[in-house]
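Participant: I'd like to go over a predicted model; first the sequence, then the structure.
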Number of protein chains: 2
Amino acid sequence: MQDVKALIFDVFGTVVDWRTGVARESERILAPLGYTLNWLEFADAWRAEYQPGMEEVRTGRIPFSRLDVIHRRMLERIRPRFGLEKVEEAVLEDLNLAWHRLDGWPDATEGLRRLRSRYLLAPCSNGNISLMVDLARRNDFRWDAILGAEVARDYKPKPVVYLTAAESFGLKPAQVMMVAAHSNDLEAATGCGLRTAHVAQVNEFGPSTGEPGPTVSVDVAASSFLDLAAKLGV
Amino acid sequence: MQDVKALIFDVFGTVVDWRTGVARESERILAPLGYTLNWLEFADAWRAEYQPGMEEVRTGRIPFSRLDVIHRRMLERIRPRFGLEKVEEAVLEDLNLAWHRLDGWPDATEGLRRLRSRYLLAPCSNGNISLMVDLARRNDFRWDAILGAEVARDYKPKPVVYLTAAESFGLKPAQVMMVAAHSNDLEAATGCGLRTAHVAQVNEFGPSTGEPGPTVSVDVAASSFLDLAAKLGV
């Protein structure tokens, strides 16, 4: 554990609250046009297309596309179900950027600030670079670099994404700790030789829906970012 | 010019002073071992291998290698000339990291801080990500992302490096301004449709050796980072 020099983070659900953020932004954009959806249900439906959308890239069926592009394809799939067939192109483009305007979980900014005093920090998200940049500006996340899918040109949980993040920092996998609220992400990182920390975010899909703790073996299990900082001694 | 959303920066010679930094670090590491080189001459000789080292990647003769790897190959080429054949591997590895321990030109940190109030900022350097990360930590450069050669997997002045930087920010080339002290870098960026700013760093290779102004057409010509900030109105 003393060898760990960098922490890399899952972002959607771990660092930021995508669900209420996408619901809020969708309502802000679509309600003035007369739409009255169940906004949380809409956010959930959009997110439900996430794994199938990335799977096309992971299997090599389509070339790597940034998550912004995949988010838009996902949106196209659910539009008819929510009666959004007639929404104009400029509005859809703006709506697609809902994912760039999410808020961190309450202690994320302060937790990252403390962790930065000892570790290099980067997102290792499936989100693209500009999406991560916009979230960082909005929430005052101070990353050392933006790593993840766009740099590796493939999607988690494929090993190349975790390994490219470690290599980009010039570190061996064992010198890097993956931080996530999702056990499957941590399991994949462990398989690549990284250290792992689980941060419970129990409200990801609504109150008390997230993993209260890891379901796989991890190096650190924390209840929040501030708890993670405390457990890492910073 | 109002369309510009991001500034991307050449780093070696433009943002940081590689020459006195490499000389200082080389002396710090090698002098205690009894070596008495002309340290500035050593730095110049090392840097002189820079373009040939990258050219092997640019031509496709060898696969993409990070600049740390190329710096090490460059060092191997000049070692005999400076009587460094017997230096141990661990020392050479440390010496190679001299390039990670460079100081910014005097107004770089403050200039970037001001520019950040209006623009997204990233290095678009041939240096690798971890090298840029270390320079940023040392000098308190607050980049939004680390872009450049390692993300594009090729070296400037190849167009893919500038174009990948713009794409990574989700911007069109005309929304991005390349900032450099070297006209050839700016000429290549212009060829890709980017805006350009020349910042004169006249002491790059020693007193009064750098370009006092651009030798190609640019959008902004500045005498320093603070002058650039003033000319961009921030």
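Facilitator: That came through, no problem. For clarity, every value in this text was computed on a predicted model and none was experimentally measured.
Participant: what ranges do the strands span in chain A?
Facilitator: A:6-9, A:120-125, A:147-148, A:176-180, A:195-199, A:220-222 (DSSP state E).
Participant: surely A:Leu232 touches A:Arg116?
Facilitator: No: with contacts counted by CB atoms under 8 Å, A:Leu232 stays clear of A:Arg116, the gap being 11.5 Å. Placement of C-beta: from N, CA and C, glycine included.
Participant: so which of the strands of chain A gets nearest chain B?
Facilitator: Ranking the strands of chain A by proximity to chain B (CB to the nearest CB) places strand A:120-125 first, at 6.3 Å.
Participant: mind listing what's buried along the closest one?
Facilitator: Across strand A:120-125, burial judged by 16 or more other CB atoms under 10 Å in any protein chain shown covers A:Leu120, A:Leu121, A:Ala122, A:Pro123, A:Cys124, A:Ser125.
Participant: what's that strand in contact with?
Facilitator: A:5-12, A:15, A:112, A:115, A:132, A:142-149, A:156, A:161-162, A:165, A:168-169, A:178, B:133, B:137 (CB atoms under 8 Å, 6 or more residues apart in numbering or on different chains).
Participant: among those residues, which ones are buried?
Facilitator: Counted by 16+ other CB under 10 Å, the contacts of strand A:120-125 give A:5-12, A:15, A:112, A:115, A:132, A:143-149, A:156, A:161-162, A:165, A:168-169, A:178, B:133 as buried.
Participant: quick one: list the elements packing against the lowest-mean-pLDDT helix or strand in chain A.
Facilitator: Least confident helix or strand, chain A: helix A:50-58 with a mean of 94, by mean pLDDT, DSSP states H and E. Applying 3 or more CB pairs under 8 Å, 6 or more residues apart in numbering or on different chains; DSSP states H and E, we find helix A:50-58 packed against helix A:67-78.
Participant: who's in contact with the helix it packs on?
Facilitator: A:42, A:45-46, A:49-50, A:53-54, A:57, A:92, A:95-96, A:99, A:126-128, A:130-131, A:149-150, B:170.
Participant: picking up where we left off before, let's see which of the buried ones among the contacts of strand A:120-125 end up in helices.
Facilitator: The helices, defined by DSSP state H, take in A:Leu112, A:Leu115, A:Met132, A:Ala149, A:Val161, A:Tyr162, A:Ala165, A:Ser168, B:Val133 from these.
Participant: distance of the residue with the largest distance to the centre of chain A from chain B?
Facilitator: Using CA atoms, centre = their mean, the residue of chain A lying farthest from its centre is A:Gly34. It sits 30.6 Å away. A:Gly34 sits 29 Å away from chain B, going by CB to the nearest CB, to the nearest Å.
Participant: for B:Asp219, see how far away that residue is.
Facilitator: Applying CB to CB, to the nearest Å, the value for A:Gly34 to B:Asp219 is 44 Å.
Participant: cool, and A:Leu171?
Facilitator: In terms of CB to CB, A:Leu171 sits 39 Å off from B:Asp219.
Participant: count of neighbours near A:Gly83?
Facilitator: 11 (other CB atoms under 10 Å in any protein chain shown).
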